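[1] How does the following fold in three dimensions:
(one chain, ligands or ions: 1)
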Amino acid sequence: MKATAVANANIALVKYWGKRNDELILPANSSISMTCGGLMTTTTVEFSEKFEEDSVTINDEELAAEKDAVVAFLDLVRQQAKTRLKAKVVSSSNFPMAAGLASSASGFAALALAASEAAGLKLNEKELSILARRGSGSASRSVAEGFVEWHKGNRNDGSDSFAESVVKADYWPEFRMITTIVAETKKKISSRAGMSQTVKTSPYYEGWLNTVDADLTTVRNGIKERDFSATGSCAQQNCLKMHATMITTKPSIVYWQPATMEIIHSVLSWREEGSECYFTIDAGPNVKVMCLDKNEKELRKRLEMLEGVKKTITCRPGDGARLTDNHLF
Ligand code: PMV
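    Now for the predicted structure:
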């Protein structure tokens, strides 16, 4: 009863921001992301009688807050698999946690696959996405490859709220996402708390909900047509709309740092000069820059020269969650 899974992070082009059900993690709007090849979490789960309690080690540390979330998730798996066995979970990511880089997405997608497999559940991709969603909303998208849409669904039980590929990983091989890391510290306000505060207090949240369907259509079609200008410009505006709702909550949530602004202005001027690129930012200070492979090297070099940029990582559309024999223990 041991299994290991690998899942990639994902970056949303049309963001998920706000829930219609907190407990089941049902979103108020659908979203579209790119699964980021190379931003990976590997997780091994073993259920056994030899364990008296669950143990959780993430990147060589036993972290109390993360442990609670993982144990709650294991309880869901135990419920589905009708077992009471305790588990050992060891997980490791190759990028910083909780810095707006969607480590919870790759983390819960890998955990969903490893834990369900170790518990003897054979879930298909849709069922796996629904399970991963219960750990963290964005994790529902990391289960699938390439460009992925998470359908918000309408049912109260969440059975139609899952993600699936819009196109496979090899459909648009020229697309690049340069992740620019300006801070590796854990953010002060989690996405979960941030979106809940936004739904409750931002006067602009209605505006967000009213325009997101049009963005979904534009980005979905842009991806299918491999139209970089349409996809990138809409994704950038969608990110700014999401941040506008956060900035206007009470109290205000501003995830951006000075280096974030520096990158925003640079991307805007580089585009004017002819290197086509667009930015997107999640609930954190790091900026992801979208471009095509022909401009990637030059843009990355320029990004690394900016003040406050610690490092950059380039991703292309990547694989969904998968099992591996390389167990971590
Ligand atoms: O799934 P969570 O709770 O990590 O929330 C993700 C929220 C954003 O990253 C800001 C947007 C998104 O769609 O990934």
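
[2] Is the ligand within reach of stretch 70-84?
    No: residues of stretch 70-84 contacting the ligand under C-beta under 6 Å from any ligand atom: none, with a closest distance of 13.1 Å. C-beta here means a position set from N, CA and C on the backbone, and glycine is covered the same way.

[3] So for stretch 88-101, mean pLDDT?
    Computed over stretch 88-101, the mean pLDDT rounds to 76.

[4] Give me the helices and strands touching the strand or helix carrying residue 141, please.
    Using DSSP states H and E, residue 141 maps to helix 139-142. Counting contacts by 3 or more C-beta pairs under 8 Å, 6 or more residues apart in numbering; DSSP states H and E, helix 139-142 packs against strand 2-14, strand 31-48, helix 103-118, helix 125-133, strand 147-150.

[5] Looking at these, which one is packed in the most?
    helix 103-118 (a mean of 29; mean count of other C-beta atoms under 10 Å).

[6] and the angle from that helix to strand 31-48?
    40 degrees (axes from the mean of the first three to the mean of the last three C-alpha atoms, to 10 degrees).

[7] Please name every helix or strand in contact with helix 103-118.
    strand 2-14, strand 31-48, helix 64-81, strand 86-93, helix 125-133, helix 139-142, strand 322-324.

[8] is the ligand contacted by the fifth one?
    It stands for helix 125-133. No: for helix 125-133, no contact with the ligand is found by C-beta under 6 Å from any ligand atom; the gap never falls below 8.6 Å.

[9] Residue ranges in this structure under the pLDDT threshold?
    96-103, 186 (pLDDT under 70).

[10] which bits of it sit near the ligand?
    Residues of the chain lying near the ligand (C-beta under 6 Å from any ligand atom): 12, 15-16, 31, 102, 104, 136-138, 191-192, 282-283.

[11] Give the burial count for residue 142, as a bare number.
    Residues near residue 142, counting by other C-beta atoms under 10 Å, number 34.

[12] ok, back up a step: format the CA atom coordinates belonging to the helix holding residue 141 as PDB.
    This file holds the C-alpha atoms of helix 139-142, laid out as PDB (Å, rounded to 0.1, in the frame of the first residue of the first chain):
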ATOM      1  CA  ALA A 139      -4.700  21.400  -7.500                       C
ATOM      2  CA  SER A 140      -7.700  20.200  -9.600                       C
ATOM      3  CA  ARG A 141      -5.900  21.600 -12.600                       C
ATOM      4  CA  SER A 142      -2.500  20.100 -12.000                       C
END
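
[13] quick one: contacts of that helix?
    Applying C-beta atoms under 8 Å, 6 or more residues apart in numbering, the set of residues contacting helix 139-142 from outside is 7-10, 12, 31, 33, 35, 102, 104-109, 112, 129-130, 132-133, 148, 150, 161-163, 320-321.

[14] how does it look with 6 Å?
    The contact list for helix 139-142 (C-beta atoms under 6 Å, 6 or more residues apart in numbering) reads 7, 10, 33, 105-106, 108-109, 129, 132-133, 148, 150, 163.

[15] try stretch 54-74
    So stretch 54-74 is contacted by 86, 87, 88, 89, 90, 91, 92, 135 (C-beta under 6 Å, 6+ apart).

[16] residue contacts, the nearest residue to the last one once chain neighbours are set aside?
    It refers to residue 135. Leaving aside its chain neighbours, residue 135 sits nearest to residue 108 (3.0 Å; criterion: C-beta to C-beta, 6 or more residues apart in numbering). Residues in contact with residue 108 (C-beta under 6 Å, 6+ apart) are 132, 135, 136, 139.
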